[in-house]
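K.L.:
the sequence and its predicted three-dimensional model are supplied below.
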Amino acid sequence: MTFVKRSGLLLALAMLLAIGLRAQTAGNDATHETKTYADTREGIEQQFADILEAKRSENEEAFEEAEDRLKTPNLKEWMAAHFDAEDREPQEELYLQAFSRYITYLTSVMGFGKSPEFALKVEESQLGLPLAEEGFEGLIPRPKDKVKVENFRFTSTTGQPPSWVTSFIYLDGQFHMIGGTYPYWAEVRNAAHGPMTLPPRVMHGRTVQAQANRDDTTGRGLDGVVHIRVNLDENGKLIRMEVLSGEPEFLADAMQYIQEAEFPKFGFPGLVILAQQGGGPASSGPTFAPPVQPPKEWDMEVAFFTPKQTAGTQQQ
């Protein structure tokens, strides 16, 4: 075979190989192309149906990838776009903790998928109330712009596990978990709604609010903190109070706030007990267990919040 013929043959083989490689690469790209979903209830239902299908395929790598796509993409960039610089790192950590809890739960839920009757039905759910701008909730970092959050309730067709609500953001054609009933940055509000969290009020141009068992310091939104120990009766009536610590300039207002506060009532009857006599019918009537006695002494933090420049700021 002449040199020219050999060269032509080699060139033809090289061209065929290049075409084959391009076709294989295109095929691989198509195989790994990320599926997108409509920003609708049907869209998120299909996304979770695909996650369930990945679980049933027993391909753990595919299942983990499907779950991982629920994470907010380009997380650092997303945090930079929506949070102040001083909040980005702690918010990223909070998000990753919330996402880890969610994925752990979702993985256990998908374990019910071994039953062929198991599927997840999705319904739109009402959004939780936004964080308040004043009082203790006003200290909670939140996005500096409006983030579109969508809430959905998930219910299994088999009745197990019980239904639950998750919040999402929609980016790049997929839904990404952002929290539970509340977005992750607002979940801490639950701790600020206990029975011994008193409502905020405005005193001398500052919002004042008290909550039991807090230990805040001044700075970044707090001008003053006073700790007062209160003793209450079962009807929530203030018996006595003792100032434990606080800046002198805030003491008078803190004591007035506590004196005028409406504390919750804790007095209530115990559970009804039907006494049994020798396994026979109930006795002549129910008896009452002793009332459950709540703590009568509480350590309250009275916080004075930096005034916000609003036209509607009240004065007292």
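P.N.:
Yes, it's here.
K.L.:
state the number of residues packed around Trp78.
P.N.:
21 (other Cβ atoms under 10 Å). Yep, even glycine has a C-beta here, placed from its N, CA and C like the rest.
K.L.:
my read: it touches Lys71, true?
P.N.:
No: Trp78 is not in contact with Lys71 according to Cβ atoms under 8 Å; the separation is 10.4 Å.
K.L.:
Leu222 versus the spatially closest residue to Phe305 that is not a sequence neighbour, what's the distance?
P.N.:
Closest residue in space to Phe305, ignoring its immediate chain neighbours: Thr207 at 4.3 Å, by Cβ to Cβ, 6 or more residues apart in numbering. Thr207 sits 10 Å away from Leu222, going by Cβ to Cβ, to the nearest Å.
K.L.:
more neighbours, these two?
P.N.:
Thr207 (23 against 15).
K.L.:
report the beta-bridge partners for that one.
P.N.:
Here Thr207 shows beta-bridge partners Val202, Phe305, assigned using DSSP bridges.
K.L.:
what's the burial count for the closest residue in space to Lys35 that isn't next to it in sequence?
P.N.:
Residue nearest to Lys35 in three dimensions, not counting chain neighbours: Asp50, with 6.8 Å by Cβ to Cβ, 6+ apart. The local packing of Asp50 (other Cβ under 10 Å) involves 15 other residues.
K.L.:
and the pLDDT at Asp50?
P.N.:
We have a pLDDT of 97 for Asp50.
K.L.:
quick check: buried residues in whatever helix or strand Ile258 lives in?
P.N.:
Taking DSSP states H and E as the criterion, Ile258 maps to helix 248-260. Burial within helix 248-260, assessed by neighbour count using 16 or more other Cβ atoms under 10 Å, is assigned to Phe250, Leu251, Asp253, Ala254, Met255, Tyr257, Ile258.
K.L.:
check stretch 149-156 too.
P.N.:
Result for stretch 149-156 [16+ other Cβ under 10 Å]: buried residues Val149, Glu150, Asn151, Phe152, Phe154, Ser156.
K.L.:
kindly state the pLDDT recorded for the third one?
P.N.:
Listed pLDDT for Asn151 reads 97.
K.L.:
the helix or strand containing it - contacts with which helices or strands?
P.N.:
Using DSSP H and E, Asn151 maps to strand 150-156. Using 3 or more Cβ pairs under 8 Å, 6 or more residues apart in numbering; DSSP states H and E, the elements in contact with strand 150-156 are helix 41-56, strand 120-125, strand 164-171.
K.L.:
the nearest residue to Trp78 once chain neighbours are set aside: neighbour count?
P.N.:
Of all residues not flanking Trp78 in the chain, Thr72 sits nearest, at 5.4 Å (Cβ to Cβ, 6+ apart). Residues lying near Thr72 (other Cβ under 10 Å) number 18.
K.L.:
measure stretch 165-181 end to end?
P.N.:
5 Å (Cα to Cα, to the nearest Å).
K.L.:
which outside residues touch it?
P.N.:
By Cβ atoms under 8 Å, 6 or more residues apart in numbering, the residues outside stretch 165-181 that reach it are 34-37, 39, 43-44, 47, 69-73, 95, 98-99, 102, 125, 127-128, 147-154, 164, 182-187.
K.L.:
which among these count as buried?
P.N.:
37, 43-44, 47, 69-70, 72, 95, 98-99, 102, 125, 128, 149-152, 154, 164, 182-187.
K.L.:
and the closest residue to Pro199 other than its chain neighbours, how far from Ala261?
P.N.:
Nearest non-adjacent residue to Pro199, counting by Cβ to Cβ, 6+ apart: Gln209, 7.2 Å away. Shown here: Gln209 relative to Ala261, a distance of 10 Å by Cβ to Cβ.
K.L.:
so for those two, which residues contact both of them?
P.N.:
With Cβ under 8 Å, 6+ apart as the test, Gln209 and Ala261 both reach Leu198.
K.L.:
and those two? which has more neighbours close in?
P.N.:
Gln209 (23 against 16).
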